[in-house]
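1. Sequence and computational prediction follow.
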2 protein chains.
Amino acid sequence: MSPFMQLVLALAILIASSKIFGMLSTRLGQPAVLGELLAGLVLGPSLLNVLGWSFFTDTHLTENVLHMAELGVLFLMFVAGLEVKLSDLLATGKIATVSGSFGVVVPLLGGAALAWFWFADYTLTQAIFVGILLTATSVSISAQTLLELGRLRSRVGLTLLGAAVIDDILVIIIMSTFVALVSSSAGGGGLLTIALILISMVAYFVAVSLIGMRVLPWLTRKVVRWPVSQALLSLSVVLVLLSAWSAEVLGNVAGITGAFLIGIFLGRTPYHNRIEQEVQTITYSFFVPVFFASIGLQANLRLLDSGLIGFAVILCLVAVVTKLIGCGLGAWVAGMSRRESFQVGMGMISRGEVGLIVAAVGIKEGIINDNIFAVTVLMVLVTTLVTPFLLRLAFASERADKPDQPQQMPASAKASNSK
Amino acid sequence: MSPFMQLVLALAILIASSKIFGMLSTRLGQPAVLGELLAGLVLGPSLLNVLGWSFFTDTHLTENVLHMAELGVLFLMFVAGLEVKLSDLLATGKIATVSGSFGVVVPLLGGAALAWFWFADYTLTQAIFVGILLTATSVSISAQTLLELGRLRSRVGLTLLGAAVIDDILVIIIMSTFVALVSSSAGGGGLLTIALILISMVAYFVAVSLIGMRVLPWLTRKVVRWPVSQALLSLSVVLVLLSAWSAEVLGNVAGITGAFLIGIFLGRTPYHNRIEQEVQTITYSFFVPVFFASIGLQANLRLLDSGLIGFAVILCLVAVVTKLIGCGLGAWVAGMSRRESFQVGMGMISRGEVGLIVAAVGIKEGIINDNIFAVTVLMVLVTTLVTPFLLRLAFASERADKPDQPQQMPASAKASNSK
């Protein structure tokens, strides 16, 4: 079988399983995304190990599938950006900043303390890096769950998105600073590196904002009249790819943050509804099912030996609890109600790709070993799997008390009132 | 730059260039697809060699891009299938069969004769294989051009699609038979192989037809009600992938033939319009621009040395002329008008992926060498580049004589007639 046909078969299996599990999940009253994540776990090395079957001989197959999945994350965050109004997001600025910051500091301290006391031979550098592994947040799963619940544009949803951007920036700054300090104590020019990273981040946000505010309205008006098929959607796709690329490569920010930002700015154009409708077809029919399934696909729960499993379980618990406490406390301190703070904390638990990026840097710099990397992948998976479930629970209690949306009074009630 | 970010940047460059060149092409009165093909030539190794730039360090990048492009061909042929009615296609059966058969035999003889007389040291086996290289047809570019002209469902368009399916089947049979004979004369069990290939082909067409007629109507009705996002489009995507995979791996037919067939059968369901509209977004915004650009991207015109260039030029001429004469003559013999036969011949000139598949088999079996492979890539490229241009010319002359569609008489003319 040619490598391409192996990819074709793998994609067909992943998309079909993802949708079937998603359908079953909704039938059981759970969010579709939970089923789609479980599909990957069933297909992955933990259970069926589909990509390891003997007719899948291409050694790049997993890599190719993961590329499709990563494109899915970008489109997912782009759709989330389209859904969000910039003014609404900025209005949550203070709460988001405090919640995001607390949500970085508390997991960092919790993770570092756990590693320091668990592993007798760990240096302070290694222990702190385990803490940094817990600081990340990946809001894409929460955004998807909130979309399904119709709550993405609520105050909780917007705070979550804002706090995730703050979290992303802080994590990259902390990790870069830490690695620079570690390597500079080993004789490099660390402070200059940190300064350059900060400057590139600021420059990126300024540049994207300027382009988003000044150039995009003109560009979309222009391109929408081009006599080529799907001109507007193609432009959107190109902008998602370019903003994600420039975020990660030029701005030292996560690619998903770039995709999210360009979504916000395209959401301000008059073509907002059309772009959203069209990009959802490409996103949810192809790339996103692959992404959701791929998360479980990457985890091999069989690999964890008995010595490591205790640490892994406790690290997962610490990851969940510290994020919930950190973000929740931050939101509460900044003025949210206790219920809202709890919901924000729940929504920030999921780690995802940023956590894996930090782990990959740690391996490359020789700070952590393969065991901690495997545990990190498990932690990312567990936090991602539990988030839609917990988030739904957090909102379910609310729904029992008060209605989802500020509903209009029924016409019959009005009529009886006016009598 | 991570391999994924290299892919993201490459895709952004390809899609943007493809659409910009496509737009410029339509401004000059040419089909968009011509510009999109030229975009790849400009970006490819012949001119800018974008994927060879120093920041593209991932050795799998080209392979990853080509996978996206191949997915694009599948979706393109699926859309063409959706556009076509099975009854219309079967109505052209006789003409399509004769035209497709002549279109295989004439290029085979022409190519073999050229190689035999040009290369003094060629064996008859090698010369015949050069002929087989010319037998393929790739109708995707012609289908796209006819779609743009609004003529895909005309008698010429349908004959073209039917003849391409016949061509595809014949080429695979001839190539398989030939390779089996060559290897059996070297001591293998060739005839059994040929019989198995024929049986698998027939079994594939019977199975797809049964599933398409009996299972698909029920399956689409069922899945369209699933409470997951983009259920119907996801089902279509999965079916395209599975039919292409089963065509190539189980049925020994080209993957694009499978995608085309499943398009025909999904076109018979009540969801025909919705599927077509939704699949066009994913197809034309992302995968197809990559496919068109990738054709030029694969060609390195600089590689052809002076000794080979003469043969290459004449082979391209023979490829164009023999296909035009073969298919045109076949269509004319079977009863089409001279003009229609000419148009069918023009539309069959493009080679494409089947030609490359045959060449790859030839290399693997040691029948042709790297030089002939490079010339074959050039021939595929040239025939594909000239096809939209020639096809448009063939239809332009018609348009000068009589209107595109059987137009209604203008109201004013009617009024003056009735007086």
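-> Structure received. Residues are numbered from 1 along each chain as shown, chains lettered A, B, ... in the order given.
2. how close does residue A:111 sit to residue A:328?
-> 17 Å (Cβ to Cβ, to the nearest Å). For the C-beta atoms, the positions are set from N, CA and C on the backbone; glycine is no exception.
3. in stretch A:323-343, what counts as buried?
-> Buried residues in stretch A:323-343, counted by 16 or more other Cβ atoms under 10 Å in any protein chain shown: A:323-332, A:334, A:336, A:340-343.
4. now swap in stretch A:297-312 and tell me
-> Applying a neighbour-count criterion of 16+ other Cβ under 10 Å, one finds A:297-299, A:301, A:304, A:308, A:311-312 buried in stretch A:297-312.
5. so residue A:304 touches residue A:375, yeah?
-> Yes: counting by Cβ atoms under 8 Å, residue A:304 touches residue A:375, with 7.5 Å between them.
6. Could you tell me which residues touch both of the two?
-> Shared contacts of residue A:304 and residue A:375 (Cβ atoms under 8 Å, 6 or more residues apart in numbering or on different chains): residue A:312.
7. Could you pull up the contacting residues of residue A:263?
-> A:77-84, A:240.
8. Can you add secondary structure and give these back as TSV?
-> Shown next, in TSV, are those (DSSP: H, G, I helix; E, B strand; the rest coil):
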residue	secondary structure
A:77	helix
A:78	helix
A:79	helix
A:80	helix
A:81	helix
A:82	helix
A:83	helix
A:84	coil
A:240	helix
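9. when you scan the host helix or strand of residue A:16, is anything in it near chain B?
-> With secondary structure defined by DSSP states H and E, residue A:16 is part of helix A:3-27. Yes: using Cβ under 8 Å from any Cβ of the partner chain, helix A:3-27 reaches chain B at A:3-5, A:7-9, A:11-12, A:15-16, A:19, A:22-23, A:26-27.
10. That helix: which residues count as buried?
-> Across helix A:3-27, burial judged by 16+ other Cβ under 10 Å covers A:3-26.
11. Now do the next helix or strand after it: everything it contacts.
-> Counting by DSSP H and E, the element after helix A:3-27 in chain order, helix or strand, is helix A:32-43. Identification of contacts with helix A:32-43 by Cβ under 8 Å, 6+ apart yields A:13-14, A:17-26, A:47-48, A:50-51, A:141, A:144-145, A:148, A:289, A:292-299, A:381, A:384-385, A:388-389, B:227-229.
12. at 6 Å instead, please
-> The contact list for helix A:32-43 (Cβ atoms under 6 Å, 6 or more residues apart in numbering or on different chains) reads A:17-18, A:21-22, A:24-26, A:50, A:144-145, A:292-297, A:385, A:388, B:228.
13. if we can go back for a sec, what angle sits between the helix holding residue A:16 and helix A:32-43?
-> Going by axes from the mean of the first three to the mean of the last three Cα atoms, to 10 degrees, helix A:3-27 is angled at 130 degrees with respect to helix A:32-43.
14. residues in contact with helix A:3-27?
-> Identification of contacts with helix A:3-27 by Cβ under 6 Å, 6+ apart yields A:32, A:34-36, A:38-39, A:43, A:56, A:58, A:61, A:64-65, A:289-290, A:292-293, B:67, B:70, B:226-228, B:234, B:238, B:241-242, B:244-245, B:248-249.
15. before we move on, back to that, turn the contacts of residue A:263 into JSON lines, columns for neighbour count, distance to residue B:316 and pLDDT.
-> Listed next are the contacts of residue A:263 as JSON lines, based on neighbours: other Cβ atoms under 10 Å in any protein chain shown; distance: Cβ to Cβ, whole Å; pLDDT from 0 to 100:
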{"residue": "A:77", "neighbour count": "29", "distance to residue B:316": "47", "pLDDT": "81"}
{"residue": "A:78", "neighbour count": "31", "distance to residue B:316": "43", "pLDDT": "91"}
{"residue": "A:79", "neighbour count": "26", "distance to residue B:316": "46", "pLDDT": "87"}
{"residue": "A:80", "neighbour count": "26", "distance to residue B:316": "50", "pLDDT": "80"}
{"residue": "A:81", "neighbour count": "26", "distance to residue B:316": "48", "pLDDT": "84"}
{"residue": "A:82", "neighbour count": "24", "distance to residue B:316": "47", "pLDDT": "88"}
{"residue": "A:83", "neighbour count": "20", "distance to residue B:316": "52", "pLDDT": "77"}
{"residue": "A:84", "neighbour count": "20", "distance to residue B:316": "54", "pLDDT": "76"}
{"residue": "A:240", "neighbour count": "28", "distance to residue B:316": "39", "pLDDT": "97"}
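16. closest to chain B among those?
-> Checking the contacts of residue A:263 against chain B with Cβ to the nearest Cβ, the nearest one is residue A:240 at 8.6 Å.
17. Residue A:260 is in contact with that closest one, correct?
-> No: the pair formed by residue A:240 and residue A:260 falls short of the contact definition of Cβ atoms under 6 Å, at 9.8 Å.
18. so residue A:137 is in which element?
-> Counting by DSSP H and E, residue A:137 is found in no helix or strand.
19. One more: residue A:229?
-> Assigned by DSSP H and E, residue A:229 falls within no helix or strand.
20. so how many other residues sit close to it?
-> Neighbour count for residue A:229, taken as other Cβ atoms under 10 Å in any protein chain shown: 21.
21. Now name the helix or strand holding the closest residue to residue A:378 other than its chain neighbours.
-> In space, and not counting its chain neighbours, residue A:378 is closest to residue A:312: 5.4 Å by Cβ to Cβ, 6 or more residues apart in numbering or on different chains. Secondary-structure assignment from DSSP H and E places residue A:312 in helix A:306-333.
22. by contact count, what packs against that helix?
-> helix A:93-118, helix A:338-347, helix A:370-401 (3 or more Cβ pairs under 6 Å, 6 or more residues apart in numbering or on different chains; DSSP states H and E).
23. Could you tell me how far the second one lies from the centre of the chain?
-> What it means is helix A:338-347. Relative to its parent chain, helix A:338-347 has a centroid offset of 17 Å by Cα atoms, centre = their mean, to the nearest Å.
24. if we look at it, which residues are touching it?
-> Contacts for helix A:338-347 (Cβ under 6 Å, 6+ apart): A:99, A:142, A:156, A:159-160, A:324, A:327-328, A:331-332, A:390-391, A:394.
25. repeat that for 7 Å
-> Contacts of helix A:338-347 with the rest of the structure, by Cβ atoms under 7 Å, 6 or more residues apart in numbering or on different chains, involve A:99, A:142, A:155-156, A:159-160, A:163, A:323-324, A:327-328, A:331-332, A:336, A:390-391, A:394-395, A:398.
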